[in-house]
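Novice: What would the 3D arrangement of this be:
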Amino acid sequence: MIETDYTFKKIEEYKEKILKEQIYSEYNVKKYESCPHCGCTHFIKHGKYEGIQRYRCKNDQCRKTFSSTTCSVWKYLKHKPEKWLKFIELMCENISLQRCADILNITISTAFYWRHKVFHGIENYYKPKSFKEHIVVSDFYTHKCYKGSRSKHFTKEQSLNNKISRLFAYVPNDVGILICVEGDEIPLINVKYEKEKLIYDFEKSISNYIDKNCYIHLNKVRWRKIEEFTMEHNKNLPCGVIKKYGFKIRKNWNGIPHIEDKFQVSSNIGKFIGKLNSWLYRFKGIATKYLNHYFNFYSLIHSSRHFDSIKIFRDLLKNSFFTSCYKLKSSHLENY
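Specialist: Numbers count the residues shown, from 1 in each chain. A predicted model of the protein is given here:
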């Protein structure tokens, strides 16, 4: 006798199982070269669980099992795979956490951790590898924000200074943001808090991304040491590159050298900071400790490359690693 499934529950369960098997198939996940527990390169297949291939380490001191989900960005998420896909789609549409939680029937804390797991994966995988032809460097500043903090708050004096600076539209200097972009590619954005100068960040980290034949153009950057670094770098470029961008070093009436060139900044780069601020306004305040993640996500979804939620999901699945909630807390908790 054939059982009648009026609610189509079995069909839904079958769809979920097939989707999970497809997500964790060998074509969508990174291939293991060693055991993720001990690093041993000798391991064997150890059956399947719900269609997902499992392995076992042959190291006598380890002998642990692992699978395609062990180091996945979606490890330990006890929800259906279609919710993960839908969540990334909602993120790309700039939907608030509360609305995401309501649509997916999850708690707001779960939505918060999911968002930052995605942010970690995006930050680690989609960063520019190098700047080869030319690079535009910009900087801007924003106010510090302790949103969500339980132990850090503004003093009365700081709150008063913030109100006055907003009232008279003073330029904030609490948090510095350095933006480096080549053409319409994904920008490299670094956030530095007070006592951490942008010049040190530029010299120690960002300069490592710049190719020796890459031209640097400063777009209203205030820091003198960054300008000195740029002068020294651009002076050593091939003659053809110097001539192409009309690079010259002039002295002002005080005898201080500064850069002149014929580099034309595209309208997209010129409007980037304004668009970024208007995008951030939708979130009604972002804690300073999370700014870098939001900026990197913005630079991805507003780059010239074409992305959709499925491609981002697959890229994160294949190239990103698991980040525990404990690590999220310990790496960001009150470190600003």
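Novice: the helices in the stretch 1-150 of the chain, which residues?
Specialist: Along the stretch 1-150 of the chain, counting by DSSP state H, counting those that start in this stretch, helices occupy 9-23, 81-92, 97-104, 108-125.
Novice: Just the buried residues of the last one, please?
Specialist: Put plainly, it is helix 108-125. Residues of helix 108-125 classed as buried: 110-123, 125 (neighbour count, 16 or more other CB atoms under 10 Å). Every residue, glycine included, has its C-beta placed from N, CA and C.
Novice: so where is the stretch 151-300 of the chain shaky, pLDDT-wise?
Specialist: 168-173, 184, 186, 192-201, 203-205, 267-270 (pLDDT under 70).
Novice: how about the helices of it, start to end?
Specialist: So, for the stretch 151-300 of the chain - with DSSP H, counting those that start in this stretch - the helices run 156-167, 198-204, 224-235, 239-245, 267-270, 272-281, 291-301.
Novice: ranking the ones you listed by burial, who's on top?
Specialist: Comparing the helices of the stretch 151-300 of the chain by mean neighbour count (mean count of other CB atoms under 10 Å), helix 291-301 comes out on top with a mean of 20.
Novice: orientation of that helix relative to helix 272-281 in degrees?
Specialist: Interaxial angle of helix 291-301 relative to helix 272-281 (axes from the mean of the first three to the mean of the last three CA atoms, to 10 degrees): 110 degrees.
Novice: Show me what helix 291-301 packs onto, helices and strands only.
Specialist: Here helix 291-301 touches helix 108-125, strand 175-181, strand 188-192, helix 272-281, going by 3 or more CB pairs under 8 Å, 6 or more residues apart in numbering; DSSP states H and E.
Novice: swap the cut-off to 10 Å and go again
Specialist: helix 81-92, helix 108-125, strand 175-181, strand 188-192, helix 272-281 (3 or more CB pairs under 10 Å, 6 or more residues apart in numbering; DSSP states H and E).
Novice: C-alpha coordinates for the fourth one, PDB please?
Specialist: Which is strand 188-192. Taking Å, rounded to 0.1, in the frame of the first residue of the first chain, the C-alpha atoms of strand 188-192 are listed here in PDB:
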ATOM      1  CA  LEU A 188      41.900  47.400  -0.100                       C
ATOM      2  CA  ILE A 189      40.500  49.100   3.100                       C
ATOM      3  CA  ASN A 190      42.300  49.300   6.400                       C
ATOM      4  CA  VAL A 191      41.000  50.800   9.600                       C
ATOM      5  CA  LYS A 192      43.200  52.200  12.300                       C
END
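Novice: the inter-axis angle of the strand ranked longest in the chain versus strand 175-181?
Specialist: Secondary structure of the chain per DSSP state E: the longest strand is strand 134-142. Counting by the same axes, to 10 degrees, strand 134-142 points 160 degrees away from the direction of strand 175-181.
Novice: from the chain's centre, how far out does strand 134-142 sit?
Specialist: Relative to its chain's centre, strand 134-142 lies at 17 Å (CA atoms, centre = their mean, to the nearest Å).
Novice: next one: stretch 216-234
Specialist: 25 Å.
Novice: So for that stretch, first residue to last residue, what's the gap.
Specialist: 7 Å (CA to CA, to the nearest Å).
Novice: do stretch 159-176 as well
Specialist: End residues of stretch 159-176 are separated by 19 Å (CA to CA).
Novice: So that it lines up with my notes, have the first residue be 702 from now on.
Specialist: Let's use 702 as the start, then, which means that last one is stretch 860-877.
Novice: just checking, Glu734 touches Thr742?
Specialist: Yes - counting by CB atoms under 10 Å, Glu734 touches Thr742, with 6.6 Å between them.
Novice: which one of those two has more residues nearby?
Specialist: When Glu734 and Thr742 are compared for neighbours, Thr742 comes out ahead with 11 against 8, by other CB atoms under 10 Å.
Novice: Apart from its chain neighbours, what residue comes closest to that one?
Specialist: Spatial nearest neighbour of Thr742, chain neighbours left out: Ser735 (4.9 Å); criterion: CB to CB, 6 or more residues apart in numbering.
Novice: From Phe744, how far off is that neighbour?
Specialist: Applying CB to CB, to the nearest Å, the value for Ser735 to Phe744 is 8 Å.
Novice: in stretch 838-858, what's buried?
Specialist: Val838, Ser839, Asp840, Phe841, Thr843, Lys845, Cys846, Tyr847.
Novice: quick one: that stretch to chain centroid distance?
Specialist: For stretch 838-858, the distance to the chain centre is 20 Å (CA atoms, centre = their mean).
Novice: Having no further points to raise, I will conclude here.
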